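Trainee: Sharing a model prediction with you, sequence too.
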Amino acid sequence: MERKAKIGVVTISDRASQGIYEDISGKAIIEYLEEILTNPFDVVYKIIPDEQDLIEKTLIYLADVEECDLILTTGGTGPAKRDVTPEATENVSEKIMPGFGEFMRQISLQQVPTAILSRQTAGIRNHALIINLPGKPQSIKFTLEKIFPAIPYCIDLIGGAYLTTDESKVVAFRPKKK
Amino acid sequence: MERKAKIGVVTISDRASQGIYEDISGKAIIEYLEEILTNPFDVVYKIIPDEQDLIEKTLIYLADVEECDLILTTGGTGPAKRDVTPEATENVSEKIMPGFGEFMRQISLQQVPTAILSRQTAGIRNHALIINLPGKPQSIKFTLEKIFPAIPYCIDLIGGAYLTTDESKVVAFRPKKK
Amino acid sequence: MERKAKIGVVTISDRASQGIYEDISGKAIIEYLEEILTNPFDVVYKIIPDEQDLIEKTLIYLADVEECDLILTTGGTGPAKRDVTPEATENVSEKIMPGFGEFMRQISLQQVPTAILSRQTAGIRNHALIINLPGKPQSIKFTLEKIFPAIPYCIDLIGGAYLTTDESKVVAFRPKKK
């Protein structure tokens, strides 16, 4: 594949978007991508408040205008009133990918019993795989390293850019052609 | 928190609601709550038939008029025609909490292969966490003791009453404030 | 039960439906059913392209006109644009059975990390249990032997035919009557 990969990173947080605290989560995602990806890629990074309409517009912009191959969100997936990231993700997705949310809850259950409170989901729009990551910085790397083996092949299947990884860190699984 | 907790317990069963058999499941829920909760709380207890419209009205009443913090249902989550508790729960919930159903099915799979037939779900309305428990009395305590560690913190996050537990029985998990 | 069981087997694949390759997956399903079921049954077998409208019509026909007790699909459950089997299944189902998809993804995770990309689901229409199986022939037997213990009891509960199995191969779980 010729096209350079583009990855959207969206921090969804009322307080981080107002500058009340630093966005450590968004930065943790970008650092992890830089650590494991061996293909060239651009990052489009956004910090926005927990407004469903704005989250939807941001995801649509990243998928349709920026033509991202992967969009990773952090924040807004809990049960509180302002947590609306999963609803926004479902509304803009052409296909829902239930396996990501199930798997992410299952792996965080090894860490905390409140993992079942997370409403993280994933979906597809245009040639972007959109995944809701946890909000807490310390959970982001833990989650990404477990789900990343499935991500490059998913992006292949939806017509996105070809991602390659540093195999000493993450082995991207692609089924062998027969 | 000053406000006394209020918990709705709803047995959904055509036969129990007609008095054809005793409601052991609803009683098992109340007994378990009395055994583990150390905060004062009131119970609002209802037995109703498997009518979707009536289940929805009952859940709305408990969440909006009684202002319950937790609503536990039992019954009506199987695949049969009259089993409509999950649909009613989804229709009245402002947010769906998929992690509860996934986790409850996963833990019952340790007991019976037919655990995958359960359609139990959970959701949030007003400041009530609504959870569909299994119908069988013997599964209720087994399930509640595994999901309860996540319940008090969830109710904190949605603005409900502060629940405390007998820690020799159930440890309510609340993340440490930084 | 007197009525002879009827099972629909639907291969959903653009290429198999055009005869570009042989439908090994549909055949693997039928062979497995013949191997484990001890009750008499008829199979209604269809190969169709990945067209959502056609998949929906086929499932409706099998559930309502043929009055199948079980409908097993293979193909069309991935993330690609033409993969629309789960959407078709959800649209025609009266009830969704989330436990099947969760469990099938969980067991395939033992084999490949890309198991989380599968969007397989299950549902009920009339007295038919509809289940999306994986597309790959080698995964079909692996999946069926793990989910089959729960299938006969589910079909009992929705008023379908009484299935019996060769217990040296699959033990159908039915809870004991009290």
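Mentor: Arrived safely. Worth saying up front: this structure is predicted, and the values here are computed from it rather than measured.
Trainee: Can you pull the residues of chain A lying near chain B?
Mentor: With CB under 8 Å from any CB of the partner chain as the criterion, chain A meets chain B at residues A:78-81, A:83, A:87, A:101-102, A:105-106, A:109, A:112-119, A:121. Where you see a C-beta, it was placed from the backbone N, CA and C, and this is true even at glycine.
Trainee: Show me the subset of the residues you listed that also lies near chain C.
Mentor: A:102, A:106.
Trainee: PyMOL command to pick out the buried ones of the residues of chain A next to chain B?
Mentor: To isolate the buried members of the residues of chain A next to chain B in PyMOL, using 16 or more other CB atoms under 10 Å in any protein chain shown:
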select buried, chain A and resi 78+79+80+83+87+101+102+105+106+109+112+113+114+115+116+117+118+119+121
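Trainee: Could you look up the SS state of the residue of chain A found nearest chain B?
Mentor: Residue nearest to chain B within chain A: A:Ile116 (3.4 Å; CB to the nearest CB). Under the three-state scheme (DSSP: H, G, I helix; E, B strand; the rest coil), A:Ile116 adopts helix.
Trainee: any idea how far it is from C:Asn132?
Mentor: Here the distance between A:Ile116 and C:Asn132 works out to 25 Å (CB to CB, to the nearest Å).
Trainee: same deal with A:Gly99?
Mentor: 13 Å.
Trainee: Please identify every residue contacting each of the two.
Mentor: C:Arg119 (CB atoms under 8 Å, 6 or more residues apart in numbering or on different chains).
Trainee: Return the residues in contact with the closest residue to A:Ile107 other than its chain neighbours.
Mentor: If you skip the residues right next to it in sequence, A:Ile107 has A:Lys146 as its closest partner in space, 5.3 Å away by CB to CB, 6 or more residues apart in numbering or on different chains. The neighbours of A:Lys146, taking CB under 8 Å, 6+ apart as the test, are A:103-104, A:107.
Trainee: check contacts around the residue nearest the centre of chain A.
Mentor: Residue closest to the average C-alpha location in chain A (CA atoms, centre = their mean): A:Leu72, at 2.1 Å. Counting by CB under 8 Å, 6+ apart, A:Leu72 touches A:7-10, A:29, A:131, A:133, A:144.
Trainee: which of these has the most neighbours?
Mentor: Among the contacts of A:Leu72, A:Leu133 has the most neighbours (other CB atoms under 10 Å in any protein chain shown), with 29 neighbours.
Trainee: Bridging across strands, which residues link to that residue?
Mentor: In this entry, A:Leu133 is beta-bridged to A:Thr74, by DSSP bridges.
Trainee: Buried ones in the helix ranked longest in chain A, by neighbour count?
Mentor: The helix spanning the most residues in chain A, taking DSSP state H as the definition, is helix A:24-36. Buried residues in helix A:24-36, counted by 16+ other CB under 10 Å: A:25-29, A:32-33, A:36.
Trainee: hmm, that helix in reach of chain C?
Mentor: No - under the criterion of CB under 8 Å from any CB, chain C is not reached by helix A:24-36; the shortest gap measures 14.5 Å.
Trainee: Which neighbouring elements make contact with the helix or strand just after that helix?
Mentor: Moving toward the C-terminus from helix A:24-36, the next helix or strand (DSSP states H and E) is strand A:41-48. Applying 3 or more CB pairs under 8 Å, 6 or more residues apart in numbering or on different chains; DSSP states H and E, we find strand A:41-48 packed against strand A:5-12, helix A:14-17, helix A:24-36, helix A:52-60.
Trainee: what angle do strand A:41-48 and helix A:52-60 make?
Mentor: Counting by axes from the mean of the first three to the mean of the last three CA atoms, to 10 degrees, strand A:41-48 lies at 170 degrees to helix A:52-60.
Trainee: average pLDDT for strand A:41-48?
Mentor: Strand A:41-48 comes out with an average pLDDT of 98.
Trainee: do the same with stretch A:77-96
Mentor: 98.
Trainee: Which of the residues in that stretch are classified as buried?
Mentor: Per 16+ other CB under 10 Å, stretch A:77-96 contains these buried residues: A:77-80, A:83-89, A:92-93, A:95-96.
Trainee: what distance separates the start and the end of that stretch?
Mentor: Using CA to CA, to the nearest Å, the end-to-end distance of stretch A:77-96 comes to 16 Å.
Trainee: from the chain's centre, how far out does that stretch sit?
Mentor: Between the centre of stretch A:77-96 and the centre of its chain there are 13 Å (CA atoms, centre = their mean, to the nearest Å).
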